[in-house]
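S.K.: how would this look folded up:
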Amino acid sequence: MIRFWPVLFFVIPVVEVYLLVQVGSAIGAGWTILLVILTAVLGVNLLRQQGMQTMIKANQAMARGEMPAMEMMEGFMLAIAAVLLITPGFFTDALGFVFLLPLPRRAIIHYLLLNSTIQSAYTVHTEKNHRKDSKTIEGEFHRED
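M.R.: From the prediction side, this is the model:
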């Protein structure tokens, strides 16, 4: 995954400049600038609303004694959406708006969790410990010097 970062830092600005030039030539420079500012303002307002809803859900989960794991991941995705929406351009705004929509955001989170190294290691560890032929010995360990 890390090897793709340099490509992203090169490709995304090129795509942004291309889109800005194309839109600017179609509707004019002033309207393009206004549209970029409008999408940023709209995105920030939607982000505020989604962020508050996520915080309320996290507080409700903690009040029930549950770990708000999904809400934490949604908060992280909303932070990424904020960065993308603040960045001027149409491509990053489109990605930011996708992260703001609850259904695609949760689908991305589920995909990342299912394909992450931590989840894979957890699944292997859990399957190993739940085999019928395995013998687990529970106990405590104290070190005495």
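S.K.: how about the residue most central in space within the chain, what does it touch?
M.R.: Centroid-nearest residue in the chain: residue 77, 2.6 Å away (criterion: CA atoms, centre = their mean). Neighbouring residues of residue 77 by CB atoms under 8 Å, 6 or more residues apart in numbering: 99, 105, 108-109. All C-beta spots, glycine's among them, are computed from the backbone N, C-alpha and C.
S.K.: and those, which of them are buried?
M.R.: 99, 105, 109 (16 or more other CB atoms under 10 Å).
S.K.: which strands or helices does the strand or helix carrying the first one pack on?
M.R.: Spelled out, that is residue 99. Here residue 99 sits within helix 90-100, counting by DSSP states H and E. On a contact count with 3 or more CB pairs under 8 Å, 6 or more residues apart in numbering; DSSP states H and E, helix 90-100 meets helix 5-27, helix 29-63, helix 69-86, helix 102-114.
S.K.: and with 6 Å instead?
M.R.: helix 5-27, helix 29-63, helix 69-86 (3 or more CB pairs under 6 Å, 6 or more residues apart in numbering; DSSP states H and E).
S.K.: run the angle between the second one and helix 69-86 for me.
M.R.: With axes from the mean of the first three to the mean of the last three CA atoms, to 10 degrees applied, the angle from helix 29-63 to helix 69-86 works out at 170 degrees.
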